[in-house]
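In: sharing a sequence plus its predicted fold:
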Amino acid sequence: MRPFTCKVLPDKKRIFNYRRSRARRNVESAFGILSNKWKMFHKVINVNLDLAKLMVKTCCALHNFVRDRDGLSIQDAMSIEGCIDITQDNLCNSRGTMQSILARNKLADYFVSDAGKVP
């Protein structure tokens, strides 16, 4: 999902971009930790989507099993080799699909609603 693009954004869009960026940072960090443990994630894996999902879920389960058994490794948390730089999102001017635009707008509305506001 792409961020809203513009130099000056209304609060709703600015809040959406901030929350999206925070979520992406967490995902990138988690995947970096996962790919450090299993090198198969360092390159393109040519499998169908269902098998790719199963592979990621399996590696997550194995990671959690090892972590529960051996404790948290500081090196896992500190070393995120090969992780892409997400401080600057790749903002391009191409438009997303109508479905993705509607989903983004729905999330933006939720983030400024009473239910979605951060306390």
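Out: Sure, I can see it.

In: mind checking which helix or strand the residue nearest to residue 107 when sequence neighbours are not counted is in?
Out: Distance criterion CB to CB, 6 or more residues apart in numbering; nearest residue to residue 107, sequence neighbours excluded, is residue 16 at 6.2 Å. Where C-beta positions appear, they are placed from N, C-alpha and C, glycine not excepted. Here residue 16, judged by DSSP states H and E, is contained in helix 11-37.

In: still on that earlier bit, which residues does the residue nearest to residue 107 contact?
Out: Residues in contact with residue 16 (CB atoms under 8 Å, 6 or more residues apart in numbering) are 3, 4, 104, 107, 108, 111.

In: drop anything exposed from those.
Out: Among the contacts of residue 16, the ones that count as buried by 16 or more other CB atoms under 10 Å are 3, 4, 104, 108, 111.

In: how far off centre is stretch 17-30?
Out: In terms of CA atoms, centre = their mean, to the nearest Å, the centre of stretch 17-30 is found 5 Å from the chain centre.

In: quick one: buried residues of that stretch?
Out: The neighbour-count check on stretch 17-30 (16+ other CB under 10 Å) flags 17, 19, 20 as buried.

In: where exactly do the helices run in this protein?
Out: For the chain, the helices defined by DSSP state H cover 11-37, 49-70, 74-78, 98-112.

In: please pull out the lowest mean pLDDT helix or strand from this structure.
Out: In the chain, no helix or strand scores lower on mean pLDDT, DSSP states H and E than helix 74-78, which sits at a mean of 55.

In: ok so, going back, now render the helices of the chain as CSV, adding distance to residue 43.
Out: Converted to CSV, the helices of the chain look like this (distance: least, CB to CB, whole Å):
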stretch, distance to residue 43
helix 11-37, 10
helix 49-70, 13
helix 74-78, 21
helix 98-112, 27
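
In: and among these, the most buried is which?
Out: Scoring the helices of the chain by mean neighbour count under mean count of other CB atoms under 10 Å gives helix 11-37 as the most buried, with a mean of 15.

In: ok, now which ones touch residue 103?
Out: So residue 103 contacts residue 1 (CB under 8 Å, 6+ apart).

In: would you check that residue 45 makes contact with residue 54?
Out: No - between residue 45 and residue 54 there is no contact, the gap being 11.4 Å when judged by CB atoms under 8 Å.
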